[in-house]
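# Output the structure for:
(chains A and B)
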Amino acid sequence: MNVQLYVWQRLTASVMAPLVLVHIAVIFYATHQGLTAADILSRTRGSIAWASYYGIFVAAASIHASIGVRNILNEWSPLTNRRADLPAVLFGLALAALGFRAVAALVLP
Amino acid sequence: MSDTLSELSVSLWRGTEQGRYETYSVPQRASQTVLDVVTFVQRHIDPTLSYRFACRVGVCGSCAMTVNGKPRWTCRTHVSKVAGGGRLEIGPLQNLPVIKDLTTDMEIFFEKWQAAKGAFAPTKTRHDPIAQIRPDTPARVAADAGIECINCGVCYAGCDTVRWNSDYLGPAALTRAWTLVNDERDGGNTARLQAISASGGCHACHSHQSCQELCPQALNPTASIAGLKRRTAVAYLKGEITS
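Alright, predicted model coming up:
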C-alpha cells in the first residue's frame, strides 16, 4: 500500500464509521418498532436523504474494501502490486454494482 | 571451581537454507547466556559451527538468533529464562537468507535501511557552529525514543509483514527514518518521506507490534511507524510528496 491508497482507505473508513453506527441504530429501531418491509419502503422510497446516505455508504465501502482486498492479495497470493490491481478494482466495482442496486431498490419509487 | 549444574540439550541449525537441527549436550552453568552455549559448542564440540558475535555485551547487535522460536539477542539472553525443561533450539534469524548455520546475510536488511533514507542529510558544514538542540522539544523526544536501535535485526526477523511482503522496509529501517524525520538538523525529509510512502513503505505495517514486544532495546518501532504514517499522509495531502 502506498500513501495515496492509505489516505483513501482512512478517509473512507472515517466516512463509514458514523454511517455504520446510524445504520445499526436504524436496524434496532426497525426491529423494536416491528416495522415490516412495506413500512420501511414507504419511508425510504423517493427519499433523497436515504438515497444519499446509503449511496455514500456504498461508495465508501466499495473503495475501502477494494483497497483492502488488494492488500490481502499482495500479501497472501502470488499477485504482486500491479497484478493485484485488476482483481481488486473488479471486486470494488462488483461491490458498488450490488450496493447501488440495493439502494435503488430501497429509494426508487 | 566448577559451577556446572547439569546438562543442556541444545539443538543448533546446521546447513544453509537446506539443513537440519543437530543436538548437542552442553554443561549448564550459572548466569549462562545463549551466546555462551553456542560458543561452547563451537570451541569444545564442533569448530565448524558458524555464528556471528562481536561485543558480547548488547551493544553491537550482531549476535541475534532464533531461540526457542523467538528472535533474541543471544549475548544478553540468559539460558535460565528461555530454556524450558533444559532444552534450547537455536536457529538463524528468520526473514533473512541463511549463509551457514546460525549466520544470516544481513545485506537486504541494510539495503532497506538505505532505501528508507536512513542516512543523515546534513544542512550545515563543519565550518558552521554546532547546532544547539534542546532535548525537551517534542521532535527531539520522538527522535530520542528510537535512537538507541542497534540494528540487531530482531524486529525484522519477528515481523509478520516482512514475512508476507518481501518489499516491506521493516521496523528498524522505518524507526531510523522516524528519528531523522524528527531531527531538526537533517535536510533530507522530503526525499525520505517520499521513499517511505511508496509500496513497501510505512503504510504496509499492520501494527501487530511484534517488533515492540521483541526489541531487546525496548524500543517501540510500531509507534515510530505510526508517526511516519501520520507525517506522510499530511505531506501527501499538502502536495509535498506524490504517491
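
# Count the residues that sit near residue 49.
Went with chain A since none was named. 9 (other C-beta atoms under 10 Å in any protein chain shown). Every residue, glycine included, has its C-beta placed from N, CA and C.

# The intended chain is chain B.
20.

# I'd say it and B:Lys100 touch.
No - with contact defined as C-beta atoms under 8 Å, B:Leu49 does not reach B:Lys100; the gap is 9.1 Å.

# Show the contacting residues for B:Ser243.
A:2-5, B:197, B:236 (C-beta atoms under 8 Å, 6 or more residues apart in numbering or on different chains).

# meant to ask about B:Arg14, not that
B:20-22, B:49, B:101.

# Any of these buried? List them.
B:22, B:49, B:101 (16 or more other C-beta atoms under 10 Å in any protein chain shown).

# Looking at those, which is nearest B:Gly158?
Within the buried ones among the contacts of B:Arg14, the smallest distance to B:Gly158 is 20.2 Å, found for B:Asp101 (C-beta to C-beta).

# does the residue nearest to the closest one when sequence neighbours are not counted belong to a helix or a strand, and which?
Of all residues not flanking B:Asp101 in the chain, B:Ser50 sits nearest, at 4.2 Å (C-beta to C-beta, 6 or more residues apart in numbering or on different chains). Taking DSSP states H and E as the definition, one finds B:Ser50 inside no helix or strand.

# returning to that earlier point: where helices are concerned, which of the contacts of B:Ser243 count?
A:3-5, B:236 (DSSP state H).

# now, the most widely separated pair of the residues you listed?
Most distant of the ones in helices among the contacts of B:Ser243, by C-beta to C-beta, are A:Leu5 and B:Tyr236, 10.6 Å apart.

# Check what pLDDT B:Leu5 gets.
pLDDT, B:Leu5: 64.

# and what of A:Trp76?
Looking at A:Trp76, the pLDDT reads 89.

# How about A:Val103?
96.

# Same question for A:Leu73.
pLDDT, A:Leu73: 92.

# The residue lying closest to it once chain neighbours are set aside: which element?
Of all residues not flanking A:Leu73 in the chain, A:Ala84 sits nearest, at 4.0 Å (C-beta to C-beta, 6+ apart). Mapping A:Ala84 onto the secondary structure by DSSP H and E places it in helix A:81-107.

# Correct me if wrong: B:Trp13 contacts B:Pro92.
Yes - under the criterion of C-beta under 8 Å, B:Trp13 makes contact with B:Pro92 at 5.8 Å.

# okay, and the common contacts of these two?
B:98, B:101-102.

# Tally up the residues packed near A:Val26, please.
So A:Val26, with other C-beta under 10 Å, has 14 neighbours.

# Report pLDDT for the residue of chain A found nearest chain B.
Nearest to chain B, among the residues of chain A, is A:Gln4, at 3.2 Å (C-beta to the nearest C-beta). Note on A:Gln4: pLDDT of 94.

# Just give me the neighbour total for it.
Neighbours of A:Gln4 using other C-beta under 10 Å come to 16.

# For it, which non-adjacent residue is spatially closest?
Nearest one to A:Gln4, counting by C-beta to C-beta, 6+ apart, is B:Ser243 at 3.2 Å.

# Chain A contacts on chain B?
Residues of chain B found near chain A (C-beta under 8 Å from any C-beta of the partner chain) are B:161, B:164-165, B:197-199, B:201, B:203-204, B:229, B:232-233, B:235-237, B:241, B:243.

# Narrow the residues you listed to just the buried residues.
Buried among the residues of chain B next to chain A (16+ other C-beta under 10 Å): B:161, B:165, B:197-199, B:201, B:203-204, B:229, B:232-233, B:235-236, B:241.

# Take the residues you listed and lay them out in JSON lines including pLDDT.
Shown next, in JSON lines, are these (pLDDT from 0 to 100):
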{"residue": "B:Thr161", "pLDDT": "95"}
{"residue": "B:Asn165", "pLDDT": "90"}
{"residue": "B:Ser197", "pLDDT": "95"}
{"residue": "B:Ala198", "pLDDT": "92"}
{"residue": "B:Ser199", "pLDDT": "88"}
{"residue": "B:Gly201", "pLDDT": "95"}
{"residue": "B:His203", "pLDDT": "96"}
{"residue": "B:Ala204", "pLDDT": "94"}
{"residue": "B:Lys229", "pLDDT": "97"}
{"residue": "B:Thr232", "pLDDT": "96"}
{"residue": "B:Ala233", "pLDDT": "96"}
{"residue": "B:Ala235", "pLDDT": "96"}
{"residue": "B:Tyr236", "pLDDT": "96"}
{"residue": "B:Ile241", "pLDDT": "91"}
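
# Cool, thanks, signing off.
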